[in-house]
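[1] turn this into a model:
(one chain, ligands or ions: 1)
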Amino acid sequence: MSDLRTHIEQLVRQALQELPGLSSLEPARSEPPSGPLPAPPGAPVLRFGKRVPLVAANWKMNQLSASARAFLTALEGHDRLGVQTVICAPHVLLPVLAAARRQADLVLGAQNFYPEPAGAFTGEHSLDMLADAGAGAVIIGHSERRTLFGEADALVARKLSTAVARGFMPIFCIGENLAERQAGATFRVLRNQLVAGLSGLLPPFPEPERLVFAYEPIWAIGTGLTATAEQAQEAISFVRERLAEKFSYAYAEKVRVLYGGSANEKNAAELAAKPDIDGFLVGNASLQAATFAAIIARTAASKGRP
Ligand code: 13P
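    Numbering: from 1, shown residues only. Below is the predicted model:
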């Protein structure tokens with residue numbers, strides 16, 4: 001048996017010598033570990049333990065530099081009561097806010113980016129540019145980008161994995177439209193959006209505190225219609241279960257899931273009182289500092305903070 005093995009090894013060595021170039025082939029290298037890069041300087045400082053409530057403003061295409069500065073000054077005058085606060089501003093306002101900001105724990109976020117490091121992508125911004133402008137968070141998969149700008153699941157998934165790899169805090173949006181809710185398809189839509197969106201996210205996963213989801217039923221965005229607290233809790237606990245399937249229960253328990261869709265200072269307390277609703281992604285009601293601060297205060301109170 002060992003003779004046969006020695007003979008085969010001899011033949012293989014001989015063959016390698018006879019085939020030009022083959023003997024010099026290097027053994028296959030293992031891929032370098034592709035874990036997340038260190039977070040950009042603007043990324044939120046992570047606090048561990050019980051889920052820290054988070055309220056994020058999505059200014060959409062609103063504000064100019066003067067109103068943005070005034071908003072920031074006014075907001076910094078309010079106690080945010082331990083609620084992590086993110087302002088997702090138009091790109092051109094990020095450096096304005098970064099220069100005016102006095103409180104480093106006020107996180108700046110962007111509303112969009114293109115998932116390539118640099119190149120011929122007219123009109124687009126890379127994550128490095130956004131980090132350079134002071135952003136540490138970014139909204140991905142918002143229904144306005146999906147419907148008005150044709151962003152499909154594949155692009156949305158690529159954005160999520162790129163943002164995670166670059167150390168950003170993504171705020172990943174999902175939600176059903178009115179026809180889908182009326183057809184009883186809400187959970188199917190949420191599941192599909194999650195499966196597709198998370199498909200590019202491979203281990204090692206980021207810290208769960210850096211991954212944020214937002215359930216935004218499209219029928220509630222900018223319409224004045226809000227999901228009831230029960231509807232929002234039901235959808236968000238469904239989202240958390242799907243996250244547990246992708247990651248683990250222990251991981252999913254640490255991921256923040258927000259509600260978005262006509263959230264305001266009147267409905268925030270009831271919604272935030274639900275156990276799985278960790279805060280809000282706020283459109284219209286985030287344009288005035290006083291209203292936005294009131295949403296933060298209601299959230300803190302419902303979550304028993306400080
Ligand atoms: P509104 O709060 O204006 O309904 O917008 C919600 C939203 O789209 C936040 O991303």
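[2] use CA for all of it now, contacts and neighbours both
    Will do.
[3] pLDDT weak spots in the stretch 51-200 of the chain?
    Counting by pLDDT under 70, the stretch 51-200 of the chain contains no low-confidence residues.
[4] can you tell me the residue of it closest to the ligand?
    Distances between the stretch 51-200 of the chain and the ligand by C-alpha to the nearest ligand atom are smallest at residue 58, namely 5.2 Å.
[5] got phi/psi on that residue?
    Per-residue torsions, residue 58: phi -110, psi 100 (degrees, to the nearest 10).
[6] next, count neighbours for it.
    The tally of other residues near residue 58 (other C-alpha atoms under 10 Å) stands at 25.
[7] residue contacts, it?
    Neighbour list for residue 58: 87-89, 111, 281-283, 286 [criterion: C-alpha atoms under 8 Å, 6 or more residues apart in numbering].
[8] what about residue 87, is that helix, strand or coil?
    Three states are possible here, and by DSSP: H, G, I helix; E, B strand; the rest coil the one that applies to residue 87 is strand.
[9] ah, wrong one, I meant residue 158
    helix.
[10] interface residues of the chain facing the ligand?
    Within the chain, the positions lying close to the ligand (C-alpha under 6 Å from any ligand atom) are 58, 220-222, 260-263, 281-285.
[11] if we use 5 Å, what do you get?
    Proximity of the chain to the ligand is assessed by C-alpha under 5 Å from any ligand atom, with 221-222, 260-262, 281-284 identified as the residues in range.
[12] thinking again about what came up before, now the two most distant members of the contacts of residue 58.
    Longest distance between any two of those is 14.1 Å, between 111 and 286; criterion C-alpha to C-alpha.
[13] more neighbours: which of those two?
    Neighbours were counted for residue 111 and for residue 286 using other C-alpha under 10 Å; residue 286 has more, 26 against 22.
[14] my read: the more buried one touches residue 59, true?
    Yes. With contacts counted by C-alpha atoms under 8 Å, residue 286 reaches residue 59, the gap being 6.7 Å.
[15] next one: stretch 115-124 to chain centre, how far?
    Remark: stretch 115-124 is offset 20 Å from the chain centroid, using C-alpha atoms, centre = their mean, to the nearest Å.
[16] could you tell me the end-to-end distance of that stretch?
    From the first residue to the last, stretch 115-124 extends over 9 Å; the measure is C-alpha to C-alpha, to the nearest Å.
[17] name the residues that touch it?
    When contacts are defined by C-alpha under 8 Å, 6+ apart, stretch 115-124 is touched by residues 113-114, 126-128, 158-159, 162-163.
[18] for it, which positions count as buried?
    Neighbour-count burial for stretch 115-124 flags 115-116 (criterion: 16 or more other C-alpha atoms under 10 Å).
[19] same thing with stretch 76-93?
    Taking 16+ other C-alpha under 10 Å as the criterion, stretch 76-93 shows 76, 80, 83-91, 93 as buried.
[20] may I have it exported as PDB, CA atoms only?
    Presented in PDB, the C-alpha positions along stretch 76-93 are these (Å, rounded to 0.1, in the frame of the first residue of the first chain):
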ATOM      1  CA  GLU A  76     -29.400  71.200  21.000                       C
ATOM      2  CA  GLY A  77     -31.300  73.300  23.600                       C
ATOM      3  CA  HIS A  78     -33.500  70.300  24.400                       C
ATOM      4  CA  ASP A  79     -32.600  67.400  26.600                       C
ATOM      5  CA  ARG A  80     -32.700  64.300  24.400                       C
ATOM      6  CA  LEU A  81     -33.100  62.100  27.500                       C
ATOM      7  CA  GLY A  82     -30.900  59.300  26.400                       C
ATOM      8  CA  VAL A  83     -32.700  58.900  23.000                       C
ATOM      9  CA  GLN A  84     -30.200  58.400  20.200                       C
ATOM     10  CA  THR A  85     -30.900  61.100  17.700                       C
ATOM     11  CA  VAL A  86     -30.100  61.100  14.000                       C
ATOM     12  CA  ILE A  87     -30.700  63.900  11.400                       C
ATOM     13  CA  CYS A  88     -30.800  62.700   7.800                       C
ATOM     14  CA  ALA A  89     -30.300  65.800   5.800                       C
ATOM     15  CA  PRO A  90     -29.800  66.600   2.100                       C
ATOM     16  CA  HIS A  91     -26.200  66.000   1.200                       C
ATOM     17  CA  VAL A  92     -25.400  69.700   0.700                       C
ATOM     18  CA  LEU A  93     -26.500  70.400   4.200                       C
END
